[in-house]
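Colleague: Give the three-dimensional model of this entry:
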Amino acid sequence: MQDSRPDRRWTFFSTLDVPILVVLVLLVAIGCLMIYSTTFDWSYQDFGSDTVIFMQHVRNLLVGLIVFVPLAIIDYRIWKRFAVPILLVTIATLIAVLLFGDGVFGAQRSFLNGSYQPGEVAELTVTIYLAAWLSSKKISQVRSVFGGLFPFAMLLGIIGVLVLLQPDLSTAATIFITAGLMFFLAGANVVHLGSVLALMGVSGWVVSQRLSYAQDRVGSYVQGLTDLTQTNYHAQQAIIAFMNGGWTGRGLGQSLQKFGALPTPHTDSIFAVIGEELGVLGAGFVILLFVVLVIRGLQIARRSTDSFGSLLASGVTLWIITKALLNIAVMLNLVPSTGVALPFISFGGSSLVTVLAGSALVLSVARVSAVQHSPEARLNKGKANSGARDDRSRGDGGPRVSGNRRRRSPVYPAAER
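Modeller: Just a heads-up that it's a prediction; the model follows:
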């Protein structure tokens, strides 16, 4: 007789989210190609070999994979327990970098000659903490002034001030945007959220006017809205790169702008090099990959069976897409110049490792959801909770993401069966 019981063989690979994994592989592969393309001449001129800087990127990628694999395997819900210590360590490192960090071009943002930037890591750790904090509160608390708005504003104020003191406007903007979106998804009062955004906008404007380089960037951007010849040098060279590339590009490795004209072609400006070498079609393909990533990430968030997983997956997804949009928008002269790296593609150890770590957390949410939505799990849940109902209606002022906020003691499924 054929066994009618559900299949119990849920292995690590069978629960991986294939669309997310394919997108990550493609983005990382494009990054490797473009890093070599943008650094081979510089590497040869300075080190006598065209692969020295590329191998540094490979080293960063290997470190990222060492972090990626265990985070994808470990049940993501364990990080809710460590959210507060993680946040405290993050604040400590942000203070330490102001005291002992490496000073480069008037900024103090990194340790170990730029290898470790606490601000990059803070973007992810703040996302983890907010997911844990918001998921532990009732909707009425999130929407209240003293239970939701004040603690939220205080947290962003502390982190924001420490980042702005480096100074690092782009990292602060990324944290503020991601946190605001997560606060909205958790069910925040729209009026409260609007007031926080307005306060952030005013504060950002004041800060930008006090920093000469930021004031120059904003001023040139405003002038460039009506006359591109008046915008800043960086944006002009990026636009020239796209014009050189046309629809199909000059060919891989054939960019002209990367040889001195385009600032930092291997980091902030790498999307412009993609546009020149691979054309509008190649740049559009990269954008399409990020679109697929954000759609799939939000689908995973919606499928999560608890609010922490929903907020974590949606927060990480929105954080990554915010970084990507800021980088691309700068290259297209849609926003003032910032120093945001293009996720998975730009050169930079801290950036690559943190986005891979965040992606692993999204995969972990997907894996746990896959196990919990399996026929076996549904059968067991049906037996244990016969007649129970899970009301996820949005009409009652509930959270804007899926997940059961009343769950107190979740059952942790094994990673492999």
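Colleague: So what does the residue nearest to residue 111 when sequence neighbours are not counted look like in phi/psi?
Modeller: Closest residue in space to residue 111, ignoring its immediate chain neighbours: residue 101 at 5.9 Å, by C-beta to C-beta, 6 or more residues apart in numbering. The C-beta positions use only the backbone N, C-alpha and C, and glycine is treated the same way. Here is the backbone geometry of residue 101 (degrees, to the nearest 10): phi -70, psi 170.
Colleague: Residue 101: what's it in contact with?
Modeller: By C-beta atoms under 8 Å, 6 or more residues apart in numbering, residue 101 lies in contact with 108-111, 166.
Colleague: which residue ranges form the helices in the stretch 301-417 of the chain?
Modeller: 307-331, 349-372, 375-384 (DSSP state H, counting those that start in this stretch).
Colleague: re the thing from before, let's have the contacts of residue 101 in TSV, adding distance to residue 246 and pLDDT.
Modeller: Putting the contacts of residue 101 into TSV (distance: C-beta to C-beta, whole Å; pLDDT from 0 to 100) gives the following:
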residue	distance to residue 246	pLDDT
108	41	72
109	37	74
110	37	74
111	42	77
166	39	82
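Colleague: Among these, which are located in strands?
Modeller: 108-110 (DSSP state E).
Colleague: centroid residue for the protein?
Modeller: residue 320 (2.4 Å; C-alpha atoms, centre = their mean).
Colleague: now the residue lying closest to that one once chain neighbours are set aside: how far from residue 317?
Modeller: Among residues not flanking residue 320 along the chain, residue 343 sits closest, at 5.1 Å (C-beta to C-beta, 6+ apart). The gap separating residue 343 from residue 317 is 11 Å, by C-beta to C-beta, to the nearest Å.
Colleague: In the stretch 301-417 of the chain, where is pLDDT below threshold?
Modeller: 373-417 (pLDDT under 70).
Colleague: List the buried residues in stretch 133-152.
Modeller: For stretch 133-152, a neighbour-count test (16 or more other C-beta atoms under 10 Å) marks 133-135, 137, 139, 142-144, 148-149, 152 as buried.
Colleague: what does stretch 346-354 give?
Modeller: In stretch 346-354, counting by 16+ other C-beta under 10 Å, buried: 346-354.
Colleague: among those residues, which two are most distant?
Modeller: 347 and 354 (14.1 Å; C-beta to C-beta).
Colleague: from memory residue 251 sits against residue 277, does it?
Modeller: Yes. Residue 251 is within contact range of residue 277, at 6.3 Å (criterion: C-beta atoms under 8 Å).
Colleague: Looking at those two, which is more packed in?
Modeller: Using other C-beta atoms under 10 Å, the more surrounded residue of residue 251 and residue 277 is residue 277, with 26 against 12.
Colleague: give me the element the closest residue to residue 49 other than its chain neighbours is part of.
Modeller: Excluding the flanking residues, the one nearest residue 49 by C-beta to C-beta, 6+ apart is residue 43, at 6.3 Å. Using DSSP states H and E, residue 43 maps to helix 18-47.
Colleague: tilt between that helix and helix 307-331?
Modeller: With axes from the mean of the first three to the mean of the last three C-alpha atoms, to 10 degrees defining the directions, helix 18-47 sits at 40 degrees from helix 307-331.
Colleague: Show me what helix 18-47 is packed up against.
Modeller: Using 3 or more C-beta pairs under 8 Å, 6 or more residues apart in numbering; DSSP states H and E, the elements in contact with helix 18-47 are helix 52-73, helix 270-303, helix 349-372.
Colleague: can you pull the buried residues of that helix?
Modeller: 20-21, 23-24, 26-28, 30-40, 42-43.
Colleague: again, but for stretch 268-281
Modeller: Neighbour-count burial for stretch 268-281 [16+ other C-beta under 10 Å]: 268-279.
Colleague: Ok, stretch 250-259 next?
Modeller: Here stretch 250-259 shows 250, 255, 257-258 as buried, counting by 16+ other C-beta under 10 Å.
Colleague: burial of the closest residue to residue 156 other than its chain neighbours, as a residue count?
Modeller: Nearest residue to residue 156, sequence neighbours excluded (C-beta to C-beta, 6+ apart): residue 179, at 5.7 Å. Neighbours of residue 179 under the rule other C-beta under 10 Å: 27.
Colleague: Residue 179 and residue 128 touch, don't they?
Modeller: No. Counting by C-beta under 8 Å, residue 179 does not reach residue 128; the two are 11.8 Å apart.
Colleague: ok so, going back, any chance of the helices and strands packed on helix 18-47 in a markdown table, with distance to residue 117 too?
Modeller: Output for these, formatted as a markdown table (distance: least, C-beta to C-beta, whole Å):
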| stretch | distance to residue 117 |
| --- | --- |
| helix 52-73 | 12 |
| helix 270-303 | 17 |
| helix 349-372 | 4 |
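Colleague: Mind listing residues that contact stretch 42-60?
Modeller: 31-32, 35-36, 39-41, 266, 347-349, 352-353.
Colleague: Quote the end-to-end distance of it.
Modeller: End-to-end distance for stretch 42-60, by C-alpha to C-alpha, to the nearest Å: 19 Å.
Colleague: Pass me the low-pLDDT residue ranges in this protein, would you?
Modeller: Judged by pLDDT under 70, the stretches of the chain that qualify are 1-13, 103-107, 114, 204, 207-230, 373-417.
Colleague: domains in it, as residue ranges please.
Modeller: Taking automatic domain parsing as the criterion, the chain consists of the domains 10-73+245-379, 78-210.
Colleague: So what's the gap between stretch 123-143 and the chain middle?
Modeller: 17 Å (C-alpha atoms, centre = their mean, to the nearest Å).
Colleague: now stretch 324-338
Modeller: Worked out by C-alpha atoms, centre = their mean, stretch 324-338 lies 15 Å from the chain centre.
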